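Q: Have a look; sequence and predicted model below, questions after that.
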Amino acid sequence: MASMSRLGERLLVACGLVGPAAFTAAWAAASSRQPDYSMANEHISGLAAHDARSPRLMTAGFWALGLSTIGFAAGLERRLHGGGIGPALLGASGVAICAAGTLRRDRMSNWPAPGETPGRQSAVNDGHDLASVVGHICATAGLVSVALRLWRDPGLKDLALPAIGAAVASSGLMSFFARDVVRPGNGIVQRVGISVPLAFTMRLACRLLSEDLRADEPSQPSAG
């Protein structure tokens, strides 16, 4: 039973690798399938809009990231033996990501269609925007809280500052992004702002998995 519990915990931690990889692959693949799509200027969520070429692919990417984030948060809770409020906040961000993927944007492009009033959007689109903001706040706050817990763990202490750095960098980039969402080049700003904490999540997941594997290695008998 202990080995099964150990396996389940590792699978949950591995979600920290699966979700970011699936989400990044989804927006990269959906971007390549979208004619005249500019990754430099357009937002990721537009790839799940009703007029996008492969909206289901991007929606699946949102759900893969959201569910994997929830799973990773549960694994982190077990691995850190509580970990404070950080894992709970990360889990909440996963729920918000799933909501953002379900509440799809009205249009792929940030710019209004000919004859359409700029800034006009549906309540569903508003819900997507709100879910995205909530998800970002929960994720960055969760990283800071987790960093404080990592600092108290001798084996993971070196990851505390990178966790805070990822949270601060992401918050700065996404704040700049939000000030003018149609600014040229904002597609790159958004992608970097999202990818930085995802990269740290993958780093933390790899570290936890490697430590567990080393713990399972039989100790070598001393010579003599």
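A: Sure thing, it's come through. Numbering: from 1, shown residues only.
Q: Distance check, Leu17 against Ser5.
A: 20 Å (CB to CB, to the nearest Å). Bear in mind the C-beta positions are built from the backbone N, C-alpha and C, glycine included.
Q: And Leu11, by the same measure?
A: Where Ser5 is concerned, Leu11 sits at a distance of 11 Å (CB to CB).
Q: wait, Ala108 sits on Asp51?
A: That one is not Ala; residue 108 is Met. Yes: the criterion here is CB atoms under 8 Å, and Met108 meets it with Asp51 at 5.3 Å.
Q: Those two: who's more crowded?
A: Met108 (21 against 12; other CB atoms under 10 Å).
Q: List the buried residues of stretch 25-33.
A: Residues of stretch 25-33 classed as buried: 26-27, 30-31 (neighbour count, 16 or more other CB atoms under 10 Å).
Q: TSV for those residues, including secondary structure and distance to Gly165?
A: TSV is the format used below for the buried residues of stretch 25-33 (DSSP: H, G, I helix; E, B strand; the rest coil; distance: CB to CB, whole Å):
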residue	secondary structure	distance to Gly165
Ala26	helix	26
Trp27	helix	23
Ala30	helix	29
Ser31	helix	27
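Q: Pick out whichever of the residues you listed sits closest to Glu42.
A: Ser31 (8.3 Å; CB to CB).
Q: Surely that closest one touches Leu47?
A: Yes: taking CB under 8 Å as the definition, Ser31 is a contact partner of Leu47 at 6.5 Å.
Q: Residues that sit against both of those two, list them.
A: With contacts defined as CB atoms under 8 Å, 6 or more residues apart in numbering, the residues shared by Ser31 and Leu47 are Tyr37.
Q: Contact partners for the most centrally placed residue in the chain?
A: By CA atoms, centre = their mean, the chain has its centre lying nearest to Leu198, at 5.0 Å. Residues near Leu198 by CB under 8 Å, 6+ apart: 19-20, 23-24, 65.
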